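Enquirer: this is the structure alone, sequence omitted:
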């Protein structure tokens with residue numbers, strides 16, 4: 001792809017997200033979502049591969065349907081209440097339709113079926129953008145709308161996402177599909193706390209973005225797309241393989257990694273809201289996700305791949321994005337010492 005075209009697409013991607021984040025009118029927010037969607041589709045199909053074309057087509061259809069539902073729900077609310085502001089959703093039907101539309105854009109269960117297939121058809125860099133940047137605008141809108149009108153819907157979608165995110169990743173061998181189901185499970189935790197503490201949901205999103213960014217960057221450096229290729233990581237870069245194992249444990253929410261902090265805070269808040277049964281269900285369901293993270297860690301650390309060379313380490317050129325890895329790795333593994341301060345800020 002031409003550098004000029006790439007710069008225009010990336011600029012449009014960022015501008016669309018910024019328009020949605022700073023807007024107070026639903027029509028302007030909808031325009032930002034559309035700019036965002038139209039900017040990433042050429043990035044998806046730039047590989048000129050049938051799977052990439054299929055992924056771009058599926059993504060366009062899903063996002064177009066969700067955008068139409070967003071526009072329909074906001075127009076319904078404006079017709080009934082005369083209010084177009086983002087925080088002015090006062091009708092139960094509009095709130096339920098809008099929550100469903102944003103869940104479809106994010107890939108939250110039961111609107112999750114498109115995410116693993118589309119992510120599998122993309123290269124790792126575009127998959128990184130889809131898993132991180134593309135979640136910002138819908139999540140900001142999800143935080144701002146009134147969920148007191150549809151508490152049951154939000155809770156059901158959250159529990160379904162945590163369960164499906166765990167069950168779906170158990171028998172996968174493709175790393176992109178595993179990360180897609182990981183995304184579904186983490187979004188379930190965010191939806192679970194959205195009603196009681198939106199700031200905590202955003203904190204969980206930030207930690208998830210750091211962990212997912214570091215995982216995708218390490219997979220790009222090691223050129224691993226499935227479990228078999230992941231088993232050769234130790235001969236390519238032992239340090240990076242060890243760090244990846246720790247990042248997987250952080251994604252699973254094991255202490256003392258950073259991924260444990262938002263889950264513990266969410267559990268504490270749910271218990272304070274007398275939702276002990278739901279908190280227990282979410283905690284037990286997260287064990288499913290932890291299982292396939294442990295399976296990947298086992299492949300990284302305890303599996304010896306066939307070595308066809310005479311040298312211990314494979315000679316490799318250092319890619320340019322190797323310089324981007326240290327910051328997200330540190331943030332995805334080492335914020336537990338300052339967790340009490342973060343909790344007070346939240």
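Expert: Thanks, I have the structure now. Keep in mind that what you see is a predicted model, and the values were worked out from it rather than measured.

Enquirer: can you pull out the helices in the stretch 151-300 of the chain?
Expert: In chain order, the stretch 151-300 of the chain shows helices spanning 151-168, 175-194, 198-222, 227-230, 233-236, 238-252, 260-272, 276-302, with DSSP state H, counting those that start in this stretch as the criterion.

Enquirer: can you check which of those gets nearest to residue 44?
Expert: The minimum distance between residue 44 and the helices of the stretch 151-300 of the chain falls on helix 175-194, with 13.0 Å, by C-beta to C-beta. Heads up, the C-betas are built off the backbone N, CA and C, glycines and all.

Enquirer: tell me the mean pLDDT over the closest one?
Expert: The average of the pLDDT scores along helix 175-194 is 94.

Enquirer: between helix 151-168 and it, find me the angle.
Expert: With axes from the mean of the first three to the mean of the last three C-alpha atoms, to 10 degrees as the criterion, the two stretches helix 175-194 and helix 151-168 enclose an angle of 150 degrees.

Enquirer: any buried residues in helix 175-194, and which?
Expert: In terms of neighbour count (16 or more other C-beta atoms under 10 Å), helix 175-194 has its buried residues at 175-194.

Enquirer: elements contacting it?
Expert: Under the contact criterion of 3 or more C-beta pairs under 8 Å, 6 or more residues apart in numbering; DSSP states H and E, helix 175-194 touches helix 114-120, helix 124-131, helix 136-144, helix 151-168, helix 198-222, helix 260-272, helix 276-302.

Enquirer: which SSE is immediately downstream of the helix ranked longest in the chain?
Expert: With DSSP state H setting the assignment, residue counts place helix 50-81 as the longest helix in the chain. Past helix 50-81, heading to the C-terminal end, the next element that is a helix or strand (DSSP states H and E) is helix 92-106.

Enquirer: any residues touching that following helix, and which ones?
Expert: Judged by C-beta atoms under 8 Å, 6 or more residues apart in numbering, the contacts made with helix 92-106 from elsewhere in the structure are 33, 62-63, 65-67, 69-70, 72-74, 76-77, 80, 89, 111, 135, 138-139, 141-142, 145-147, 149-150, 153-154, 157, 187, 191.

Enquirer: now residue 128: how far from residue 218?
Expert: 11 Å (C-beta to C-beta, to the nearest Å).

Enquirer: with residue 232 instead?
Expert: Residue 232 sits 14 Å away from residue 218, going by C-beta to C-beta.

Enquirer: so between those two, which is more surrounded?
Expert: Summary of the neighbour comparison: residue 232 and residue 218, criterion other C-beta atoms under 10 Å, with residue 218 having more neighbours (22 against 19).

Enquirer: that one touches residue 239, doesn't it?
Expert: No. With contact defined as C-beta atoms under 8 Å, residue 218 does not count as touching residue 239 (10.5 Å).

Enquirer: ok, now which ones touch the closest residue to residue 230 other than its chain neighbours?
Expert: Closest residue to residue 230 apart from its sequence neighbours, by C-beta to C-beta, 6 or more residues apart in numbering: residue 224 at 4.5 Å. When contacts are counted by C-beta under 8 Å, 6+ apart, residue 224 touches 175, 230, 232, 233.

Enquirer: pick out the most distant pair among those residues.
Expert: 175 and 232 (13.0 Å).

Enquirer: residue 110 in helix, strand or coil?
Expert: Residue 110 carries the three-state label coil when classified by DSSP: H, G, I helix; E, B strand; the rest coil.

Enquirer: that one and residue 159 touch, don't they?
Expert: No. In this structure residue 110 lies outside contact range of residue 159 using C-beta under 8 Å: 11.2 Å.

Enquirer: I'm done for today, thanks for sticking with me.
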